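>>> Got a predicted structure plus its sequence, pasted below:
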Amino acid sequence: MASTDVFDQSLQEHVWRRQFFYNAFKALAYNGIDGDYAEFGCWGGLTFSIAYAESRRHRHRATLWAYDSFQGLPPAADERDVHPIWVEGTLSTTLAQFHELCAEKGIPSSEYHAVPGFYSQTLDRAAEDKAPRNIALAYIDCDLYSSTLSVLRFLMPRLKHGMIIAFDDYFCWTATQISGERRAMLDVFGNHERWQLLPFMQFGWHGQSFVVEDRTIMGA
Ligand SMILES: C[S@@+](CC[C@H](N)C(=O)[O-])C[C@H]1O[C@@H](n2cnc3c(N)ncnc32)[C@H](O)[C@@H]1O
């Protein structure tokens with residue numbers, strides 16, 4: 001096969017994600033939306049390192065937060081977690097490996113916080129003085145419905161007009177379920193009285209992002 005016929009899937013997915021982060025930080029910087037970058041599901045550090053590079057490209061001074069078990073996926077806790085690809089214990093990087101990946105990508109340790117542990121501990125019982133208060137971009141890449149639900153409940157008191165929320169696995173489902181991240185998003189934001197999600201960018205076959213809008217600004 002000629003080399004021009006080879007479709008490099010991982011390179012293509014990298015490009016899609018890079019385009020998303022380029023546009024997201026461009027929009028945040030252009031519109032004067034300050035705050036941190038919070039990532040939920042960090043594994044190989046790919047999206048974390050792209051977020052760092054694109055935030056700095058656009059002179060957005062976000063501090064970065066990495067929330068992950070650093071032990072891989074937890075077991076399914078709900079039928080809406082079930083998916084043929086998401087298997088307990090896979091996608092595991094240790095905290096030490098994650099710090100090494102960040103160093104390799106040139107992310108200074110002073111510019112990010114890594115918060116290890118399952119979300120049932122780190123988010124559901126977050127110590128307020130050790131959690132981000134002002135988030136500009138939340139990137140949700142933890143696959144499972146129950147994990148995403150923990151993330152969205154954590155984000156709820158931190159929502160603000162103009163921030164962006166991205167779901168890396170929005171277009172994932174099974175033969176019997178609207179599952180995973182989209183299902184959690186529908187459960188939390190469907191018909192929400194105050195917050196509405198304006199579609200911002202689809203990236204690749206899998207990801208979808210939204211701008212958070214505050215209905216109270218528009219008046220009832
Ligand atoms: C698809 S990987 C993340 C990929 C990463 N964004 C990258 O670019 O390399 C999913 C991650 O979500 C984490 N995760 C899923 N559910 C979790 C939970 N309830 N608590 C903590 N981490 C969780 C897993 O440990 C795994 O590292």
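Received the coordinates, thanks. Numbering: from 1, shown residues only.
>>> Do a quick rundown of the strands in the chain.
36-40, 64-68, 112-116, 135-140, 164-167, 195-203, 207-214 (DSSP state E).
>>> want to try TSV for those strands, with distance to the ligand as columns?
Heads up, the C-betas are built off the backbone N, CA and C, glycines and all. Formatted as TSV, those follow (distance: least, C-beta to the nearest ligand atom, whole Å):
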stretch	distance to the ligand
strand 36-40	6
strand 64-68	5
strand 112-116	8
strand 135-140	7
strand 164-167	11
strand 195-203	12
strand 207-214	11
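>>> and of those, who's closest to residue 90?
Set against residue 90 and scored by C-beta to C-beta, those come closest in strand 64-68, at 13.0 Å.
>>> So which elements touch that closest one?
strand 36-40, helix 46-57, strand 112-116 (3 or more C-beta pairs under 8 Å, 6 or more residues apart in numbering; DSSP states H and E).
>>> for those, which one ends up most surrounded?
Compared across the helices and strands packed on strand 64-68, strand 36-40 shows the largest average neighbour count, a mean of 26 (mean count of other C-beta atoms under 10 Å).
>>> Tell me how many other residues crowd residue 7.
6 (other C-beta atoms under 10 Å).
>>> still on that earlier bit, which of the strands of the chain sits closest to residue 147?
Of all the strands of the chain, strand 36-40 sits nearest to residue 147, with 7.5 Å by C-beta to C-beta.
>>> State the pLDDT value of the nearest residue to residue 119 once chain neighbours are set aside.
Nearest non-adjacent residue to residue 119, counting by C-beta to C-beta, 6 or more residues apart in numbering: residue 150, 3.8 Å away. pLDDT recorded at residue 150 is 97.
>>> What is the neighbour count of residue 150?
Neighbour number of residue 150 under other C-beta under 10 Å is 22.
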